[in-house]
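Asks: Sequence unavailable; structure follows:
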């Protein structure tokens, strides 16, 4: 968790190989170095502050577009967020009616100032911020369900 990517990589590798740390989370300072932070360097999870800040800014200003918030397991799973636009095909429908792929799940719905824990009968509304955990294989289908594109 230093301010230097090279140091963070070396520390990650040492932690994994020399000290048998079971799970290594490493800080990425320069987004151009993100590709280095993988299992070959002993990194289980790479946290990129610039990427997180960019995602938060995108999320704050976008309605009706999919925003990737976090990636897990080397990009095999991603937490995405969509603020439902008035023309969203999901608006006004219960989650169970939307037929999400099996390898995706709605994990939270932010409605106004409250968090709605989603159930099958939770009805999505225009303006809801919908958080979905998806795999790379299902992201396009989830995008189509929530945004129509």
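Replies: That came through, no problem. Bear in mind that the values here come from a model prediction, so they are computed numbers and not experimental data.
Asks: Do you have the helices of the protein handy? List them.
Replies: In the chain, the helices defined using DSSP state H lie at 5-17, 49-61, 139-147.
Asks: If you count neighbours, what's buried in the first one?
Replies: Taking 16 or more other CB atoms under 10 Å as the basis for neighbour counts, the residues of helix 5-17 that come out buried are 5, 8, 9, 11, 12, 13, 15, 16. Where you see a C-beta, it was placed from the backbone N, CA and C, and this is true even at glycine.
Asks: so residue 131 bridges to which residues?
Replies: Per DSSP bridges, the residues bridged to residue 131 are residue 81, residue 108.
Asks: okay, now it: neighbour count?
Replies: When neighbours are counted by other CB atoms under 10 Å, residue 131 registers 18.
Asks: how about it, what does it touch?
Replies: Shown in contact with residue 131 (CB atoms under 8 Å, 6 or more residues apart in numbering): 69, 79, 80, 81, 106, 107, 108, 109, 110.
Asks: Residue 127 too?
Replies: The contact partners of residue 127, taken as CB under 8 Å, 6+ apart, are 83, 84, 111.
Asks: Return the per-residue confidence for it.
Replies: Note on residue 127: pLDDT of 90.
Asks: Spatially central residue in this protein, please.
Replies: Relative to the mean C-alpha position of the chain, the nearest C-alpha, by CA atoms, centre = their mean, is the one of residue 79, at 2.2 Å.
Asks: State the distance from that one to residue 33.
Replies: In this structure, residue 79 lies at 22 Å from residue 33, with CB to CB, to the nearest Å as the measure.
Asks: same deal with residue 149?
Replies: From residue 149 over to residue 33 the distance is 32 Å, taken as CB to CB.
Asks: now this protein, which segments are flagged as low pLDDT?
Replies: Counting by pLDDT under 70, the low-confidence segments of the chain come to 53-65, 73-74.
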